[in-house]
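[1] I'll drop the sequence and a predicted model, then ask my questions.
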Amino acid sequence: MHINIKIACMQQGDKNELQKLGQRIRSLRKSKKYTLTEICYKNGLEPSTFSRIEQAIVEPKYLTLLKIASAFNMTVSELLNL
């Protein structure tokens, strides 16, 4: 319930950025042919959490982004496409 309230309070631009990030992460995972279970084994996240990030349901914290980037052998800047 708390997650949905947070997303509902976000501005439209923030939602779009969160969706872009989720799409990028999913695209990276699929391009490496990782399942949710495989990528989560590499980064230590729960598959349900990773899935919610890909779906733009939750906004990942910096440490979570660091774990995800590390699993893809890249920096957070590269993950964010900066």
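    Arrived safely, thanks for sending.

[2] For residue 17, give its distance to residue 46.
    Using CB to CB, to the nearest Å, residue 17 is found at 23 Å from residue 46. In this view, the C-beta of every residue, glycine as well, is placed from N, C-alpha and C.

[3] Quick check: which ranges of the chain have low pLDDT?
    Filtered on pLDDT under 70, the chain yields the residue ranges 1-13.

[4] At the geometric centre of the chain, which residue sits there?
    By CA atoms, centre = their mean, the chain has its centre lying nearest to residue 53, at 3.9 Å.

[5] Tell me who's in contact with that residue.
    21-22, 25, 60, 64, 68 (CB atoms under 8 Å, 6 or more residues apart in numbering).

[6] Within the helices and strands, which one has it?
    helix 47-54 (DSSP states H and E).

[7] Just the buried residues of that helix, please?
    Of the residues in helix 47-54, 49-54 count as buried by neighbour count, 16 or more other CB atoms under 10 Å.

[8] Residue 38: which of those is nearest?
    When the buried residues of helix 47-54 are compared for distance to residue 38 (CB to CB), residue 50 comes out closest, at 10.6 Å.

[9] Pretty sure residue 40 is one of the things the closest one touches, is it not?
    Yes - look at residue 50 against residue 40 with CB atoms under 8 Å: they come within range, at 5.4 Å.

[10] can you list the buried residues of helix 47-54 in CSV and add distance to residue 80?
    Formatted as CSV, the buried residues of helix 47-54 follow (distance: CB to CB, whole Å):
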residue, distance to residue 80
49, 18
50, 17
51, 19
52, 18
53, 13
54, 15
